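Colleague: got a predicted structure plus its sequence, pasted below:
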Amino acid sequence: MQSKHGCPVAKRCGGCQLQNLTYAEQLRYKQAKCIRLLGKFCKISPIIGMEEPYHYRNKVQAAFTQDRRGNIISGVYQAASHKIVPVEDCMTEDKTADEIIGTVRKLLKSFKLKPYNPDTRQGFLRHVLVKRGFKSGQIMVVLVTGTREFPKRRSFVNALLQAHPEITTILQNINNRRTSMVLGNEEIVLYGDGKIEEELCGLHFRISAKAFYQINPTQTEVLYKKALEFANLTGKETVLDAYCGTGTIGLFAAKDAEFVVGVELNGDAVQDARENAKRNQIKNIRFVKADAGEFMVEAARSGESVDVVLMDPPRAGSDKAFLSSLLTLAPKKVVYISCNPETQARDLFFLTKNGYTVKKIQPVDMFPHTNHVETVALLLKK
Ligand code: SAH
């Protein structure tokens, strides 16, 4: 399939590094990258791409600013700079989300509100974050403001709802720090209940603004199914879901396991995970808020036994504390999901030096047009 050439801001945005390649060429490029970085461990299965690789992002965020003439613009930060590249519609982003962000731009103007400038600490709106449940149809809009004060708040919210009755919840998040992080700590629910619901692999999830949730739901299902196929659970295993986020993989695994423990550092995500277990009436699972490395060290020290470890660390990969305690716990199987084949290669190198063999590696294209690739690896204890 031909990639949609001609995004007007491709160069300045830099988000879609592969947009000049056809989709088939992109997949070949990613396969070659996986073979180069991970091919020494085992044969790499052919990458699973998307049938319709556009508008797949269910989470869209835009930074707001004013140009020299005072026009309000919103979009993404230019790589390694403070400049905002205006984005109106993006081939990776959900279309409705982009429309809502466009409406917020117009509303700011008609309400005479200004984008926030973190240097001068003047103005109001800093970012807009939209999350949409592709299956549930629910939509969350987070207005990230530099000030707590929200002039004409009620009429602004009403105007936004009038333009987009499909919105199910609206929040204000206050972020007045000098930071490149989008969200601040404080959150005020302005409409609805502050969360959205989504369905994934037949389970129901509630998602809060701050918790991590996979951004490409179509491919997430493909990825999780592969991970569970690799784990090949029989109903008797004790499973650890490390770096579990809102608990999605662990909850999905629970129906085929004796017991699952999920470990996650982000407190909001852990709360969501517990709520999600209740919502789906899954009782053989428990979630712990902890650093995954520290948790593993403690588990190894107290002589716990784990049959299968599912791990899905952030881009930096896992750490020595985690990996060396993994060796002590000595699970029969490790299913390692990664969004960065470079750190995965480093971690697999350590594990294969210390008693594990890599049986399978499956790449999945979670982020078409970008140079990111997700992989799932199956390791067995020798
Ligand atoms: N498995 C989940 C989340 C994967 S993203 C899913 O598929 O949805 C990685 C997660 O690791 C994030 O939720 C992040 O908050 C968490 N994390 C990052 N560093 C961590 C650490 N040191 N210990 C535990 N969790 C960590």
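Modeller: Here it is on my side, so go on.
Colleague: confirm Val60 sits in a helix?
Modeller: No - with DSSP: H, G, I helix; E, B strand; the rest coil as the criterion, Val60 is located in strand rather than a helix.
Colleague: what residues does the chain have near the ligand?
Modeller: Contact residues (Cβ under 6 Å from any ligand atom) of the chain with the ligand: 212, 214, 243-245, 248-249, 263-266, 269, 291-293, 312, 314. All C-beta atoms are positioned from the backbone trio N, CA, C, and that covers glycine.
Colleague: where does the chain have low pLDDT?
Modeller: 1-5 (pLDDT under 70).
Colleague: just the closest residue of it to the ligand, please.
Modeller: Relative to the ligand, the nearest point of the chain is Gly245 (2.8 Å; Cβ to the nearest ligand atom).
Colleague: inside helices: which ones of the residues of the chain next to the ligand?
Modeller: Among the residues of the chain next to the ligand, the members found in helices (DSSP state H) are Thr248, Ile249, Ala269, Ala292, Gly293.
Colleague: farthest pair within those?
Modeller: Within those, Thr248 and Gly293 form the most distant pair, 21.2 Å apart (Cβ to Cβ).
Colleague: nearest to Gly75, of the ones in helices among the residues of the chain next to the ligand?
Modeller: Nearest member of these to Gly75, counting by Cβ to Cβ, is Ala269, at 27.5 Å.
Colleague: can you give me the strands in the stretch 51-200 of the chain?
Modeller: For the stretch 51-200 of the chain, the strands defined by DSSP state E, counting those that start in this stretch occupy 59-66, 72-77, 84-86, 125-132, 139-145, 169-174, 186-191, 196-200.
Colleague: with mean neighbour count and distance to Ser155 added, can I get those in CSV?
Modeller: Listed next are the strands of the stretch 51-200 of the chain as CSV, based on neighbours: other Cβ atoms under 10 Å; distance: least, Cβ to Cβ, whole Å:
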stretch, mean neighbour count, distance to Ser155
strand 59-66, 22, 19
strand 72-77, 19, 18
strand 84-86, 20, 26
strand 125-132, 24, 15
strand 139-145, 24, 14
strand 169-174, 20, 13
strand 186-191, 15, 12
strand 196-200, 20, 24
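Colleague: Ile44 and Pro363 touch, don't they?
Modeller: Yes - with contact defined as Cβ atoms under 8 Å, Ile44 reaches Pro363; the gap is 6.6 Å.
Colleague: which non-adjacent residue is nearest Tyr144?
Modeller: Quick fix: residue 144 reads Val, not Tyr. Leaving aside its chain neighbours, Val144 sits nearest to His127 (4.0 Å; criterion: Cβ to Cβ, 6 or more residues apart in numbering).
Colleague: isn't the one you found right up against Pro118?
Modeller: No - His127 lies out of contact with Pro118 (Cβ under 8 Å); the separation is 11.0 Å.
Colleague: just give the number of residues close to Lys360.
Modeller: With neighbours defined by other Cβ atoms under 10 Å, the count for Lys360 comes to 18.
Colleague: my bad, Glu99
Modeller: By other Cβ under 10 Å, the residues close to Glu99 number 15.
Colleague: got it, and Ala163?
Modeller: Residues within reach of Ala163, counting by other Cβ under 10 Å, total 16.
Colleague: repeat for Gly303
Modeller: By other Cβ under 10 Å, the residues close to Gly303 number 8.
Colleague: cool, and Ile35?
Modeller: Per other Cβ under 10 Å, the neighbour tally for Ile35 reads 15.
Colleague: can you pull out the helices in the protein?
Modeller: Taking DSSP H as the test, the helices found in the chain are 10-13, 23-38, 95-110, 153-163, 217-231, 248-254, 267-279, 292-301, 320-329, 341-353.
Colleague: could you identify which of these is most buried?
Modeller: With neighbours taken as mean count of other Cβ atoms under 10 Å, these reach their highest mean count in helix 248-254, at a mean of 26.
Colleague: what's the offset of that helix from the middle of its chain?
Modeller: 16 Å (Cα atoms, centre = their mean, to the nearest Å).
Colleague: what's the answer for stretch 375-382, then?
Modeller: That offset, for stretch 375-382, works out to 23 Å (Cα atoms, centre = their mean).
Colleague: buried stuff in that stretch?
Modeller: Thr375, Val376, Ala377, Leu378, Leu379 (16 or more other Cβ atoms under 10 Å).
Colleague: take it, keep the C-alpha atoms, and write them as PDB.
Modeller: Once non-C-alpha atoms are left out, stretch 375-382 reads as follows in PDB (Å, rounded to 0.1, in the frame of the first residue of the first chain):
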ATOM      1  CA  THR A 375       8.800  -6.900  19.500                       C
ATOM      2  CA  VAL A 376       7.800  -9.800  21.600                       C
ATOM      3  CA  ALA A 377      10.500 -12.400  22.500                       C
ATOM      4  CA  LEU A 378      10.000 -15.800  24.100                       C
ATOM      5  CA  LEU A 379      12.800 -17.000  26.400                       C
ATOM      6  CA  LEU A 380      13.100 -20.500  28.000                       C
ATOM      7  CA  LYS A 381      15.300 -21.600  30.800                       C
ATOM      8  CA  LYS A 382      17.900 -24.000  29.600                       C
END
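Colleague: all set, thanks.
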